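K.L.:
okay, structure incoming, though there's no sequence with it:
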């Protein structure tokens, strides 16, 4: 057994175990934290496979940003476990049927899954002197540039949609305009009055 | 049992047969760890002293000469006190959070080249690794705030989560502008690039290395990075996660004794990590400011820590003289000011580099 193989087993065992914990943990916060652990170990596996750029991007984007917001939302939810468990037996049969169908389909897919010999043959290690990130960039911005732009457009539309859905303009709220605040001059707002002593204004 | 021998060789420098030629990983890591912790102890004292000096106080001056041993006295005090765990707290997560904060902060230092070729792991994607580690720092705060099962820590951790995620974006874009100029993500390459090209070479005085460093051509990015680093590490004026006037002590309210110490240690080490990142990205890392004899006699490690201390001095001064921001102002600066500005600079820098052919070409491939 070599060192990378040992680490492969460590990472994948932790990943599988924490994936199981995601669906069996009672507390939703614990479930989210276990999901983060799964991502982290997946990043470790990427690293072992030599895809260090993907591994670090997985941590920066998913663990560092997406899951933080996920955790944020789950923490704010007030989950009532009693009411969640109320209809459990009633819905259990439907859940079992859907799960069984999914499992069957997955098994069929896995049974008929073949890796084409062309792909296996072309799966070579990166060229000499071209690191991981350069290799991805060279493919992404040349061969797949239209798909890349298409994905970017979809994300942009989704972002604008989310903003339009949640942005509300309230008319009775006093808003601050920092530009106006900074642009204020003493001469516009201050009046200096010389008050004679004993007389007042 | 081949892999155990391989691991021993890697960690301790003991190959299967006889003694190895290289120094094992563990010795280097221990050396870095110990020197970092001692450095942090004095940085903590320096922070309090600077703060006190600005406010015309004396600061800690009782333990040891000039109060130099204050941090060690604090350490003993923290370690001997009884840790209190609140009744309704999630015990495991409550204790995990400070451990996570301290460990992550220390982990980042693995890739930092403190001197020529002195990084423990000189990896290709060093700066991306640092970004990943600093983006994980938020978990200690969130988990700690939630596991305390108390209102103020929870509010503090929510603030911290939103704040750190927001400022990571601008930090990432600033890093990208530097990477465009260098063409490599290796921290060592970034430092060497700042030595080998830049304004000093253009005006024909290559000895003035400090004119080469990226703080000059990328000055707006330097300022944005400095402010974002303050916000990312929850330093004043952006310490809203622990704003004592409204949230007692924020996410640290329920912590005491050693767990509290770990939180504070993690915070200061990640501040030092941010200072080190500023040093590597903008201040030329371990290179000496002027490439002439009296300056080049001083070894690179010393220059590195002098620069880190200088950046930390700026951090401490910001704490001493700037009043705390309001939360909506903080978010406004992050999203409406820094994000568009840094995005614009990425585009401008890319155009300039493409049109003029500047940039470093000494890296790999």
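P.N.:
Structure's in. What do you need? Predicted, not measured: the structure shown is a model, and the values here were computed from it.
K.L.:
show me which residues of chain A sit near chain B.
P.N.:
A:1-3, A:5-6, A:29, A:33, A:36, A:52-53, A:56-57, A:59-60, A:63-65, A:68-69, A:71-72, A:75-76, A:129-134, A:178 (Cβ under 8 Å from any Cβ of the partner chain). (C-beta placed from N, C-alpha, C; glycine too.)
K.L.:
of those residues, buried ones?
P.N.:
Using 16 or more other Cβ atoms under 10 Å in any protein chain shown as the burial test, those include A:29, A:33, A:36, A:52-53, A:56-57, A:59-60, A:63-65, A:68, A:71-72, A:75, A:131-134 as buried.
K.L.:
keep only those of these that are in strands.
P.N.:
With DSSP state E as the criterion, strands contain none of those.
K.L.:
which of these fall in helices?
P.N.:
A:29, A:33, A:36, A:52-53, A:56-57, A:68, A:71-72, A:75, A:132-134 (DSSP state H).
K.L.:
gap between the helix or strand hosting residue B:45 and the chain center?
P.N.:
Element membership for residue B:45, per DSSP states H and E: helix B:25-54. Relative to its parent chain, helix B:25-54 has a centroid offset of 12 Å by Cα atoms, centre = their mean, to the nearest Å.
K.L.:
same question for stretch A:156-168.
P.N.:
18 Å.
K.L.:
what is the mean pLDDT for it?
P.N.:
Stretch A:156-168 comes out with an average pLDDT of 91.
K.L.:
and it, which residues are buried?
P.N.:
Buried-residue list, stretch A:156-168, by 16+ other Cβ under 10 Å: empty.
K.L.:
which residue is nearest the middle of chain A?
P.N.:
With distances taken as Cα atoms, centre = their mean, the residue of chain A nearest its centroid is residue A:66 (2.6 Å).
K.L.:
nearest to chain A within chain B, name that residue for me.
P.N.:
Using Cβ to the nearest Cβ, residue B:135 is the residue of chain B that sits closest to chain A, at 2.9 Å.
K.L.:
show the pLDDT at that residue.
P.N.:
pLDDT, read off for residue B:135, is 85.
K.L.:
again, but for the one 10 residues further on
P.N.:
According to the model's per-residue confidence, residue B:145 sits at a pLDDT of 86.
K.L.:
which strand or helix spans it?
P.N.:
helix B:138-147.
K.L.:
which other helices and strands does that helix contact?
P.N.:
In terms of contacts (3 or more Cβ pairs under 8 Å, 6 or more residues apart in numbering or on different chains; DSSP states H and E), helix B:138-147 is packed against helix A:28-48, helix A:67-76, helix B:91-108, helix B:151-182, helix B:257-282.
K.L.:
what's the second one packed up against?
P.N.:
On a contact count with 3+ Cβ pairs under 8 Å, 6+ apart, helix A:67-76 meets helix A:28-48, helix B:138-147, helix B:151-182.
K.L.:
pull up the distance across stretch A:56-67, start to finish.
P.N.:
15 Å (Cα to Cα, to the nearest Å).
K.L.:
give me the contacts around that stretch.
P.N.:
Stretch A:56-67 is contacted from outside by A:32, A:35-36, A:39-40, A:42-43, A:46, B:125, B:128-129, B:131-132, B:135-136, B:138, B:165, B:168, B:172, using Cβ atoms under 8 Å, 6 or more residues apart in numbering or on different chains.
K.L.:
select only the buried ones of those in ChimeraX?
P.N.:
If you want just the buried ones from the contacts of stretch A:56-67 in ChimeraX, going by 16+ other Cβ under 10 Å, the selection is:
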select /A:32,35,36,39,40,42,43,46 /B:125,128,129,131,132,135,136,138,165,168,172
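K.L.:
wait, isn't residue B:211 in contact with residue B:197?
P.N.:
No: between residue B:211 and residue B:197 no contact is recorded; they are 11.2 Å apart, counting by Cβ atoms under 8 Å.
K.L.:
and residue B:190, what does it touch?
P.N.:
Counting by Cβ under 8 Å, 6+ apart, residue B:190 has contacts B:127, B:178, B:179, B:182, B:184, B:280, B:281, B:285.
K.L.:
the third one - nearest residue in space that isn't next to it in sequence?
P.N.:
Using Cβ to Cβ, 6 or more residues apart in numbering or on different chains and skipping the chain neighbours, the partner closest in space to residue B:179 is residue B:185 (6.2 Å).
K.L.:
now that neighbour. Its backbone dihedrals?
P.N.:
phi -100, psi 0 (degrees, to the nearest 10).
K.L.:
got a list of what residue B:119 touches?
P.N.:
Residue B:119 makes contact with B:110, B:111, B:112, B:113, B:126, B:187, B:188 under the criterion Cβ under 8 Å, 6+ apart.
K.L.:
TSV for those residues, including secondary structure, distance to chain A and neighbour count?
P.N.:
Output for the contacts of residue B:119, formatted as TSV (DSSP: H, G, I helix; E, B strand; the rest coil; distance: Cβ to the nearest Cβ, whole Å; neighbours: other Cβ atoms under 10 Å in any protein chain shown):
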residue	secondary structure	distance to chain A	neighbour count
B:110	helix	14	19
B:111	helix	11	22
B:112	coil	16	24
B:113	coil	18	25
B:126	helix	10	23
B:187	helix	14	26
B:188	helix	14	21
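K.L.:
can you put these in TSV and add distance to residue B:360?
P.N.:
Listed next are the contacts of residue B:119 as TSV, based on distance: Cβ to Cβ, whole Å:
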residue	distance to residue B:360
B:110	24
B:111	19
B:112	20
B:113	16
B:126	16
B:187	14
B:188	12
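K.L.:
rebuild these as TSV, extending it with pLDDT.
P.N.:
As requested, the contacts of residue B:119 are exported to TSV (pLDDT from 0 to 100):
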residue	pLDDT
B:110	89
B:111	89
B:112	88
B:113	88
B:126	85
B:187	87
B:188	86
